[in-house]
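[1] Output the structure for:
(2 chains)
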Amino acid sequence: MQENKLDIDLLEQIYNCSTICILDENFKVIYSNNNFNTLTGYTENELNGTGLLQIKHQEQSNNIYDFLIRTLEKNETWKGELQLNHKTKNLIWLDTTIKPVISSVHKNRYIGSFIDISPRKKLIDNLKQRAHRQGLIAILGQISLNNIPIHDLLEQTLSVVCGSLNINIGFIQEISENGKQALVRTCYNTTHLEPEKTIIDIIENNFLEYTLNSERPVICESLKNETRFIIPDEYLQEKACSATCILIGDKKHPFGIFTLLSNTPKNFNIDEVHFLQSVCNILAEAINRQNMEQALRHEQELSRNYLDVAKVVFIVLNIEGKILLANRYAASILGFSQEDLAGMNFINTFIPEILKDKASKTFKKIINKEKVPDSDMGAHGNVTPIINKHNKTRYIRWKNSLLLNKQGGIDAVLSAGEDITELLKHEKEQKHLEKQLHQAQKVEAIGMLAGGIAHDFNNILASILGFSELAFEILDSSDTKLHNYLTQIQNSGIKAKNIIAQLQSINLQDDTPNQAILLPSLLKGTLQMLRTALPSSMDMQLNINDNLPAVKINAPKFNQMIMHILTNSRNALNGKGKIEINLSIEDIHNTSCSACNTNINGSYVALSIHDNGPGINEEKIHKIFSDNRGSTNTGLPFINMITHKAQGHIIISDSHLGNDTKTPGTCIKLLFEIAKESSTDKQQKKDDIDFSKIQKKHIMIVDDENSVASYMGELFKGAGFKTTVFCDSVEALESFKNTPDNYDLIVSDQTMPVITGDILASQMLEINPQLPIIICTGHSSLLDNEKAEDLNIKALLQKPVDSAKLLHTVVNLLTDV
Amino acid sequence: MSNILVVDDDKSILIFIEQALTDSHQIFTSETVACAEEISNNNTIDLLIADLVMPKKNGIDMIMEFKKIHPDIKILAISGGGGITGRFDYLPIAKLVGAEDTLKKPFTVTELRSSINTILETKH
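    Numbering: from 1, shown residues only, chains lettered A, B, ... in the order given. Model prediction:
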């Protein structure tokens, strides 16, 4: 009995510290102890008759109950974890053992014993979630390193975070540079906010401003009752009740705000807050990195552009002399693509064979940090030619610098090179031009000398011929001997007079415009003078038709042309041979100009100079007009220019001279356009210019110096012209603008206040492009012949102006109109 | 019989012209423009024979000045052509500024006399 009593006490204690219920055959509670009632939250009465299935938590599947029933029906004990609903609908986890009651009295009864494992389950759940989030963060971190576009990164992050935290609505905003506005970049489930459209102002004391100034996530449990800050209307429109905002970036460099909205009151636990914070840190880092990378890329691009834009060859060579890097310009100079250049040995590939040794030595010296001696430098510095892919030589002036590593060793050599091929070419050209100029100056000097000699000789001849004539007058007719002597004197004098007349026709003044000129007499005079310069072993034959119409050409330049051509012929013939000169009128049909390729048709005054020299290679004919470097033919570009300025053409051909078929021979034929009838007439009466016609012309004189202006006025008035004098260029221009047809010629000073001569001229020429204008200028003036020609100023005279020269120029210009 | 003033820096030309014309005219000669001006102020000159290329003053200026001071004076301009300074033909310009006729050196006695006669005839 006592033992039984002890058993019952023991059982009662076990019963009281266990959580137990008894189920009937339908698994309904027929009995539950206090512990069970407390655990589930129901009273014993409420539980009585309730099936376990009825209080099962919705998350638990029915399968587990099927298995439970089957086990018990087999009279076996079932063990497992059940999820039940607490009366408050909270989930409770129960470690459960249910076994059939072994009793003859209580048949089909089951006893269940339960242990509450909810706290443990919750802990495990939390750990799981934390692991899950950390996994998410790791993945996000990984994604962010992949340089995906910021917008995609934000979008993906937002959806992952919302999903993971069970949040209904979320969006990410970007803060504007001035920090005054936030643009919605990406949205999750929003109804009113639109990505890339909605802009919310950041104003004092609103939710956004508060977040910007807060280092931790700002959680607002109830949007309606918030007192710390103002909630923007846009947030309220989303019909949420709670919100959380986290700053992306830091206070100094805010990028944006991550916002989560929830329509149930939401308070995040510390894990979730950490998670959000981590996500935002990842975003901030990713954005920052991408911005920096972009800036770096931009910088690199810029540097590369600088390298490419610079007309400098940049090549980086490793210490073996292989190209590591070459800029675009280097590639264009060397003829290879930048990719192809990489790895090429620079010296072996591009330095001319003959210079390779020297270049290798210099390169070694550079690598060894030895000083490269100045003796290795040319006049232009360290110039080394290269031969590029297309076998063209370019002259490059190099500057080298060493690229050192941290240890002070040499990583590579940076060679910067300037292509001075054109410069050298120009120098050559300049020398050539100087030579030509020198030649022209010589010709001019000869002309001056000839003019001076002719003048003095004419004076002497005037006496010789004059006195011999006077002597004849008083001569006794019986004195035949003296008569004879005087006749000899007179004849020789007349011969001399003719020679001087021809010499004078070579007027070498070259600042006159093209004038209608009769070529036969001009040509004869030129040849007369040149003949003495040609060796007597050269046989010159002339066929000149004296009856030719005039052509418009600058006579001095024509003379120079003939000199050039004959010099070429003399050189070609090497002092021995034939030259045939023909001047006649020719009809040309369908022949192209050797210089300008124009198809020529029509009648021309043709001057052909034909020699029996070795001839010109036909391929070279076109080239010789533009480029006579390396050619023995002098002045062909000049001949080309003068002939074409006279509306003429050139035909150069290889053809045998007469019956001489042994030598090829060269024939240069200059074609000149026939001048119009009126100018021919004028030319023939050159000495009898009809002054009455030009004296009707009206000349405007502009000079700010009163005395000069009135002197010129007197000069032109004295010469019979109608003149108007202005001392003020502004007034002069005004008068001209009012009555431009009133004036036929302008003579103006260059240096004047307000409007200078060149400006005055250009304004007048805008109104009347044909107006002849003469500018008188001092030596220091900036206006030179070239500029004057560009402005279409007809003549530039040096001050003090010689009255005769001024009148001569005016007459020339007015008869030329 | 007219008064003719010849101005030329070449003395032989002066003598030649004087000899050629002295039978029918009163001839004054001068080697400089200044001297010529003096002569013309002291004598009534009908015709000025002026060389155009002379040192110091060019003949064109001289012609213009003479025409200004003595509007009735007749002028024959003579020149050997392109001189060192001018390098172009002055003779047409002489006509422009009022010379009645021009002669290019060397000219014959006949040419000289014929030109002078023509000029002086138009006087009457």
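[2] Residue of chain B nearest chain A, please.
    residue B:80 (3.2 Å; C-beta to the nearest C-beta). Every C-beta, even on glycine, is put in place using the N, C-alpha and C of the backbone.
[3] Might one say that that residue is in contact with residue A:452?
    No - contact criterion C-beta atoms under 8 Å: residue B:80 and residue A:452 do not qualify, at 10.0 Å.
[4] can you give me the helices for the stretch 551-700 of chain A?
    For the stretch 551-700 of chain A, applying DSSP state H, counting those that start in this stretch gives helices covering A:555-573, A:623-626, A:636-645, A:677-684, A:691-694.
[5] now the ones you listed in TSV, with mean neighbour count?
    What follows is the helices of the stretch 551-700 of chain A, written out as TSV (neighbours: other C-beta atoms under 10 Å in any protein chain shown):
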stretch	mean neighbour count
helix A:555-573	21
helix A:623-626	16
helix A:636-645	19
helix A:677-684	14
helix A:691-694	14
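[6] For those helices, give me JSON lines that also has mean pLDDT.
    Below are the helices of the stretch 551-700 of chain A laid out as JSON lines (pLDDT from 0 to 100):
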{"stretch": "helix A:555-573", "mean pLDDT": "79"}
{"stretch": "helix A:623-626", "mean pLDDT": "59"}
{"stretch": "helix A:636-645", "mean pLDDT": "79"}
{"stretch": "helix A:677-684", "mean pLDDT": "44"}
{"stretch": "helix A:691-694", "mean pLDDT": "76"}
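[7] Minimum distance to residue A:55: which of these has it?
    For the helices of the stretch 551-700 of chain A, proximity to residue A:55 was assessed by C-beta to C-beta; helix A:623-626 is nearest, at 108.0 Å.
[8] ok, now how distant is residue A:77 from residue A:793?
    Distance of residue A:77 to residue A:793, computed by C-beta to C-beta, to the nearest Å: 125 Å.
[9] And for stretch A:756-768, what's in contact with it?
    Identification of contacts with stretch A:756-768 by C-beta atoms under 8 Å, 6 or more residues apart in numbering or on different chains yields A:702, A:729, A:732-733, A:736-737, A:740, A:746, A:748-752, A:755, A:771, A:773, A:775-777, A:783, A:787-788, A:791-793.
[10] how about the residue nearest to the spatial centre of chain B, what does it touch?
    Centroid-nearest residue in chain B, with C-alpha atoms, centre = their mean: residue B:49, separated by 1.5 Å. Residue B:49 makes contact with B:4-8, B:17, B:75-76, B:78, B:116, according to C-beta under 8 Å, 6+ apart.
[11] Just name the shakiest helix or strand of chain B by mean pLDDT.
    Least confident helix or strand of chain B, by mean pLDDT, DSSP states H and E, is helix B:91-96 with a mean of 84.
[12] Next: chain A.
    helix A:677-684 (a mean of 44).
[13] Now do the residue of chain B closest to chain A, the pLDDT please.
    The score at residue B:80 is 82. That number is its pLDDT.
[14] Likewise for residue A:729?
    Note for residue A:729: predicted pLDDT of 91.
[15] How many residues are close by it?
    Using other C-beta atoms under 10 Å in any protein chain shown, residue A:729 is surrounded by 22 other residues.
[16] Pretty sure it sits against residue A:704.
    Yes - Residue A:729 lies in contact with residue A:704 (C-beta under 8 Å); the separation is 7.0 Å.
[17] Find the residues that touch each one of those two.
    Counting by C-beta under 8 Å, 6+ apart, the contacts common to residue A:729 and residue A:704 are A:752-753.
[18] which regions of the stretch 301-450 of chain A sit below the pLDDT cut-off?
    Applying pLDDT under 70 to the stretch 301-450 of chain A picks out residues A:372-381, A:443-444, A:447.
[19] how about a cut-off of 90?
    A:301-316, A:318-321, A:324-333, A:337-339, A:341-342, A:347-349, A:351-450 (pLDDT under 90).
[20] Find the closest residue to chain B in it.
    residue A:448 (6.5 Å).
[21] tell me the SS of that residue?
    Applying DSSP: H, G, I helix; E, B strand; the rest coil to residue A:448 yields a three-state assignment of helix.
[22] do you know how far it is from residue A:527?
    20 Å.
[23] residues touching residue 55, list them.
    All of this refers to chain A. A:40, A:42, A:84-85.
[24] meant chain B, my bad for not saying
    residue B:9.
[25] any idea which element the closest residue to chain B within the stretch 351-500 of chain A lies in?
    Going by C-beta to the nearest C-beta, chain B is nearest to residue A:458 of the stretch 351-500 of chain A, at 3.2 Å. Element membership for residue A:458 (DSSP states H and E) is helix A:421-474.
[26] Pull the distance from the least confident helix or strand of chain B to the chain's centre.
    Here helix B:91-96 is found 12 Å from its chain centre; the criterion is C-alpha atoms, centre = their mean, to the nearest Å.
[27] Now the residue of the stretch 701-817 of chain A found nearest chain B. Nearest residue, chain neighbours left out?
    Nearest to chain B in the stretch 701-817 of chain A, going by C-beta to the nearest C-beta, is residue A:804, at a distance of 4.1 Å. Leaving out its chain neighbours, the residue that sits closest to residue A:804 by C-beta to C-beta, 6 or more residues apart in numbering or on different chains is residue B:60, at 4.1 Å.
[28] Backbone dihedrals for that neighbour, please?
    Backbone torsions for residue B:60, taken as degrees, to the nearest 10, come to phi -60, psi -50.
[29] where's it relative to residue A:789, distance?
    Distance from residue B:60 to residue A:789, by C-beta to C-beta: 27 Å.
[30] Between these two, which is the more surrounded one?
    Higher neighbour count among residue B:60 and residue A:789: residue B:60, with 30 against 11, using other C-beta under 10 Å.
[31] rewinding a little: more neighbours, residue A:77 and residue A:793?
    residue A:793 (24 against 12).
[32] Got the phi and psi for that one?
    Dihedral angles for residue A:793 - degrees, to the nearest 10 - are phi -80, psi 130.
[33] That's all I had, so thanks and see you.
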